[in-house]
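**Student:** dropping the sequence and predicted coords here.
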Amino acid sequence: MAGLSRRTFATVAVTAMPALLATGAAAPAAGGSAVTGPARAGGGGGAPAGAMRGMWLATVGNRDWPSRPGLSAARQRDELLRYLDAAVRRRLNTVIFQVRPTADAFWPSRYEPWSAYLTGTQGKNPGWDPLGTAVTEAHARGLELHAWFNPFRVAAHTQPSRLVAGHPARRHPDWVVPYGGKLYYNPGLPEVRAFVQDAVLDAVKRYPVDAVHFDDYFYPYPVAGQTFGDAAAHKAHGAAFPSRAAWRRNNVDLLVKETAARIRAARPGTRFGISPFGVWRNASTDRRGSDTRGGVQTYDDLYADTRKWVRGGWIDYVVPQLYWHIGQSAADYAVLAEWWADTARGSGTALYLGEALYKAGDPKQAAAWQNTRELSRHLELAAALPEVGGHVFFSAKEVAADPSGAMARVVADHYGG
């Protein structure tokens, strides 16, 4: 996708301009089996056996898969299976597969159109069922399949007329807010939150997915000089709250709580996890926060009280995106890993750490990322934090190709390679 992806944003956010601040278990022993997660033909089997060893498989903008829109169904399927085989080869046990990147679907949804990332044309049937195939083939390989949904993003442009006729955003233009060059559903409308849940639950009811996964986008990342246009929704629904920020956080809280309850009711045992941006709040803002200087804070800028969800056991697992190196001045991986371990302790919420494999060996990144041992050092550090139950790597393209050799190093050092 053109513009700033959720992963590249992690690099920028810690050094963001002042305007952004104004709003905001031990590693597995060597010699383990190649795949530690059991096949779950029935789905909903709880946490993977042993530590989480996961990868994100991103579809937005054809980041990982399919390699480009318009491939034949056979070619798309072959590429997908190659990624599942790569996960097995790297001794992983979980694939987090993005199936609703922009208010669209990678299955025959009753609520939203087929994704344009499949065929190049939104709403066009690709001739097969990617999510159904992914669940079946992942389980056949002993992998868990977590279905990844972006809740509120509608399009990477601001023109509703470019959406397929009959798209919910065209049928309900009052649901949509243009912001930062994109279209979003308005989280402040109860009917929007109900619709997002319906779209998610359509997949949960049809397929034995092992988990539902949300990423870091709730309210959008702040854009300097722009205001998210929800004044009318706030006037209609926010009178009981002391501020618009408090109302927005409650809107996201409701989405998380209600989604969790509906998943439990629809398919008991299916887990619900979220991968937030790594900084909840800086300690300079809130004494409960991390010793960081993040230019974005999820509580203040994305209106996502991730600490509350973890401490309250609202979600089954959390995967904070700790996309910084050990010793990074504004957001040190070691500091944040300890903060999240402290936060998860005793909560009942499993903690896995999100790892920036995509940065390894990238010449545009800091010197630490030029060392193939950086990610392996992350796992060594986490081994001393009992609350850390594993790691998830961004993303599948780098897991498979491993241009820097960093993934091979992780496997050799920690996964019995």
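**Tutor:** Received it, and whenever you're ready, just let me know what you need. These numbers were taken from a predicted model, which means no experiment stands behind them.
**Student:** do a quick rundown of the strands in the stretch 101-250 of the chain.
**Tutor:** 144-149, 153-155, 176-179, 182-185, 211-214 (DSSP state E, counting those that start in this stretch).
**Student:** residues of the second one that come out buried?
**Tutor:** When you say that, I think you mean strand 153-155. Neighbour counts over strand 153-155 (16 or more other CB atoms under 10 Å) mark 153, 154, 155 as buried. Every C-beta, even on glycine, is put in place using the N, C-alpha and C of the backbone.
**Student:** might one say that the second one is in contact with residue 186?
**Tutor:** No. At 10.1 Å, residue 154 does not count as touching residue 186 under the criterion of CB atoms under 8 Å.
**Student:** mutual contacts of those two, please.
**Tutor:** residue 176 (CB atoms under 8 Å, 6 or more residues apart in numbering).
**Student:** thinking again about what came up before, including distance to residue 286 and mean pLDDT, could the strands of the stretch 101-250 of the chain go into CSV?
**Tutor:** Putting the strands of the stretch 101-250 of the chain into CSV (distance: least, CB to CB, whole Å; pLDDT from 0 to 100) gives the following:
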stretch, distance to residue 286, mean pLDDT
strand 144-149, 29, 98
strand 153-155, 28, 98
strand 176-179, 26, 98
strand 182-185, 26, 98
strand 211-214, 23, 98
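**Student:** any chance of these in CSV, with distance to residue 76 too?
**Tutor:** Below are these laid out as CSV (distance: least, CB to CB, whole Å):
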stretch, distance to residue 76
strand 144-149, 17
strand 153-155, 22
strand 176-179, 29
strand 182-185, 26
strand 211-214, 21
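**Student:** where does the protein have low pLDDT?
**Tutor:** Confidence mapping of the chain against pLDDT under 70 gives the ranges 1-49, 417.
**Student:** can you pull out the helices in it?
**Tutor:** Applying DSSP state H to the chain gives helices spanning 6-13, 18-22, 73-89, 116-119, 130-140, 168-171, 190-206, 231-237, 244-266, 306-311, 333-344, 374-382, 396-401, 406-414.
**Student:** which of these sits closest to residue 65?
**Tutor:** The closest of the helices of the chain to residue 65 is helix 73-89. By CB to CB, the value is 5.7 Å.
**Student:** could you dump the closest one to PDB, C-alpha only?
**Tutor:** What follows is helix 73-89 as a C-alpha-only set of coordinates in PDB (Å, rounded to 0.1, in the frame of the first residue of the first chain):
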ATOM      1  CA  ALA A  73      -6.400 -19.100  -8.400                       C
ATOM      2  CA  ALA A  74      -3.900 -21.900  -8.700                       C
ATOM      3  CA  ARG A  75      -1.000 -19.500  -8.500                       C
ATOM      4  CA  GLN A  76      -2.400 -17.700  -5.500                       C
ATOM      5  CA  ARG A  77      -3.000 -21.000  -3.700                       C
ATOM      6  CA  ASP A  78       0.500 -22.200  -4.500                       C
ATOM      7  CA  GLU A  79       2.100 -19.000  -3.100                       C
ATOM      8  CA  LEU A  80       0.000 -19.300   0.000                       C
ATOM      9  CA  LEU A  81       1.000 -22.900   0.600                       C
ATOM     10  CA  ARG A  82       4.600 -22.000   0.100                       C
ATOM     11  CA  TYR A  83       4.300 -19.500   3.000                       C
ATOM     12  CA  LEU A  84       2.800 -22.200   5.200                       C
ATOM     13  CA  ASP A  85       5.600 -24.500   4.300                       C
ATOM     14  CA  ALA A  86       8.100 -21.700   5.100                       C
ATOM     15  CA  ALA A  87       6.600 -21.400   8.600                       C
ATOM     16  CA  VAL A  88       7.100 -25.200   9.100                       C
ATOM     17  CA  ARG A  89      10.700 -24.900   7.700                       C
END
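**Student:** much appreciated, bye for now.
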